[in-house]
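> have a look at this prediction, sequence included:
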Amino acid sequence: MSRTIVEWGLLTALTMPPAGAAEVNRSWEKLVETAKVGKKVVARRMDSTQVEGKLLKITADSIIVEGRDRTELIQRGDVWRVNYVGSRGRNALIGLGVGAGLGLAIWAANPGTANPVGEAVVGAGIVGGIGTALCAAAPTTGKLLYEAVARPK
């Protein structure tokens, strides 16, 4: 019975829309108002190249990003998408929490062993470690600030 509850809980969690799956901002004017100068961003061009760095300035016509080796000005019509840079550390902590919780749930749902608490802790450690590694290795994209209406060619 408890195993079925855990399985249904996992299925529900996996099929829920992700947090922050709100409507995409397609307004450049809103981007100009909301983007914070000085924060790290990734600006993707229509040709799929991208510039990652500190947002220096954003105007009605362009965005200026200070990359590692140079500062780039990208015209509004050439911008496909702008995101804040994501955090691998935050992703790793999320993976650790989800993995540890899942590990505890799996081992706790299988009683009848000599040391169920010890096995639950070991399970949490193993699955938590796997979750940490997977989430830390996943590509990091922060909050989506803007996406153009037209798709890249």
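Yep, that arrived. Fair warning: this is a prediction, and the values are worked out from it, not measured in the lab. Numbering: from 1, shown residues only.
> only C-alpha atoms for contact and neighbour calcs from this point on.
OK.
> mind listing the helices for the chain?
In the chain, the segments counted as helices under DSSP state H are 2-15, 28-34, 88-108, 116-137.
> rank those by pLDDT, which is bottom?
Among the helices of the chain, helix 2-15 has the lowest mean pLDDT, at a mean of 56.
> got a list of what K40 touches?
Going by CA atoms under 8 Å, 6 or more residues apart in numbering, K40 touches 52-55, 84-85.
> those: which two are farthest apart?
Greatest spatial distance among the contacts of K40 (CA to CA): L55 and V85, at 10.8 Å.
> adding pLDDT and distance to E66, write the contacts of K40 out as TSV.
TSV is the format used below for the contacts of K40 (pLDDT from 0 to 100; distance: CA to CA, whole Å):
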residue	pLDDT	distance to E66
E52	90	8
G53	92	5
K54	94	5
L55	95	6
Y84	88	14
V85	84	13
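> pick the one among those residues closest to R45.
Nearest to R45 among these, with distances taken as CA to CA, is E52, at 11.4 Å.
> in the sheet, who's paired with that closest one?
With DSSP bridges as the criterion, E52 is bridged to V42.
> outline the domain layout of this structure.
2-14+88-137, 23-86+140-147 (automatic domain parsing).
> and L55 and V85? Which one has more around it.
More crowded of L55 and V85, by other CA atoms under 10 Å: L55, with 22 against 19.
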